[in-house]
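Colleague: here are the coordinates; sequence isn't available:
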């Protein structure tokens with residue numbers, strides 16, 4: 001009898017937590033900006049890619065479009081980065097906690113103590129990870145989930161403004177801190193403290209919201225939630241290598 005009662009209470013707790021998460025998801029949802037997203041059929045647009053590596057997400061952007069827009073708008077960090085990675089067709093940009101990002105390149109490398117520190121300790125420093133891609137992201141990351149998103153030019157530029165503001169500048173230049181995790185890549189000092197309420201997937205979601213895409217921080221806490229939201233809005237499944 002006691003075990004049955006314990007099971008009933010456990011079920012009630014689970015259902016209450018699920019209901020609470022659903023309520024929070026609704027209350028924190030940010031609607032799409034119809035002036036920016038989706039782009040109209042008759043207006044120019046820019047195709048970007050959202051990449052999920054399992055637990056971490058990032059943005060893969062056409063380098064030429066980044067450089068031209070950053071140059072016109074005067075975004076110093078992105079001008080520097082897009083020029084530095086000038087040999088590549090795309091650049092992948094992701095944000096995360098400095099120590100965690102450097103030491104956990106794959107889910108298999110994840111340690112409980114490191115994860116708890118990154119999630120719960122206040123004031124965790126953050127970095128940006130920039131990778132040069134010589135091919136389209138679906139072919140560059142055949143083992144990852146990749147979703148194409150077409151943005152209006154105005155939305156793309158607003159997203160670039162938000163990305164540029166994430167870089168820490170010294171004398172108007174981004175501060176590289178060493179080689180990245182894979183391929184031609186670098187870490188850069190970043191603004192913003194990493195915590196349970198501000199994860200790498202939240203950053204990706206915020207950049208997309210700046211472009212006019214609808215967002216939901218609760219759903220975007222985990223990579224599958226973010227990718228589900230983006231697939232639904234983009235109107236297509238993940239792009240895969242031919």
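Modeller: On my side now, so go ahead. Model, not experiment: these values are computed from the prediction.
Colleague: Run through the chain and note the low-pLDDT ranges.
Modeller: 1-29, 103-123, 235-242 (pLDDT under 70).
Colleague: Which parts of stretch 73-87 count as buried, going by neighbours?
Modeller: 75, 77-82, 84-85 (16 or more other Cβ atoms under 10 Å). From N, CA and C alone the C-beta is placed, and that goes for glycine too.
Colleague: now those as CSV including secondary structure and distance to residue 164?
Modeller: Formatted as CSV, the buried residues of stretch 73-87 follow (DSSP: H, G, I helix; E, B strand; the rest coil; distance: Cβ to Cβ, whole Å):
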residue, secondary structure, distance to residue 164
75, coil, 4
77, helix, 5
78, helix, 5
79, helix, 9
80, helix, 10
81, helix, 9
82, helix, 11
84, helix, 14
85, coil, 15
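Colleague: Which one of these is nearest to residue 137?
Modeller: residue 85 (14.2 Å; Cβ to Cβ).
Colleague: Could you double-check that the closest one lies in contact with residue 63?
Modeller: Yes: between residue 85 and residue 63 there is a contact at 6.2 Å, judged by Cβ atoms under 8 Å.
Colleague: who touches both of those two?
Modeller: Residues touching both residue 85 and residue 63 by Cβ atoms under 8 Å, 6 or more residues apart in numbering: 91, 132.
Colleague: Could you say which helix or strand holds the most centrally placed residue in the chain?
Modeller: Nearest to the mean C-alpha position of the chain, counting by Cα atoms, centre = their mean, stands residue 204 at 2.3 Å. Using DSSP states H and E, residue 204 sits within helix 200-210.
Colleague: tell me which strands and helices that helix is in contact with?
Modeller: strand 57-62, strand 90-97, helix 153-166, helix 223-234 (3 or more Cβ pairs under 8 Å, 6 or more residues apart in numbering; DSSP states H and E).
Colleague: which residues in the protein form strands?
Modeller: Along the chain, counting by DSSP state E, strands occupy 45-52, 57-62, 90-97, 124-133, 145-152, 169-170, 173-174, 176-179, 185-194.
Colleague: what angle separates the last one from helix 200-210?
Modeller: With axes from the mean of the first three to the mean of the last three Cα atoms, to 10 degrees applied, the angle from strand 185-194 to helix 200-210 works out at 90 degrees.
Colleague: Packing partners of strand 185-194?
Modeller: helix 76-84, strand 90-97, helix 98-103, strand 124-133, helix 153-166, strand 176-179.
Colleague: now for stretch 173-190, what's the gap between its first and last residues?
Modeller: Stretch 173-190 stretches 12 Å from its first residue to its last (Cα to Cα, to the nearest Å).
Colleague: Could I get the buried residue list for that stretch?
Modeller: 174-177, 180-181, 184-190.
Colleague: any idea how far it is from the chain center?
Modeller: Distance of stretch 173-190 from its chain centroid, counting by Cα atoms, centre = their mean, to the nearest Å, is 16 Å.
Colleague: contact partners of it?
Modeller: 76-77, 80-81, 84-85, 87-88, 95, 98, 101-102, 105, 125-133, 166-169.
Colleague: Name only those of these that count as buried.
Modeller: Of these, these count as buried by 16+ other Cβ under 10 Å: 77, 80-81, 84-85, 88, 95, 98, 101-102, 126-133, 166-169.
Colleague: Chain neighbours aside, what residue packs nearest to the residue nearest to the centre of the chain?
Modeller: Excluding the flanking residues, the one nearest residue 204 by Cβ to Cβ, 6 or more residues apart in numbering is residue 57, at 4.5 Å.
Colleague: That neighbour: neighbour count?
Modeller: A count of neighbours around residue 57, defined by other Cβ atoms under 10 Å, yields 29.
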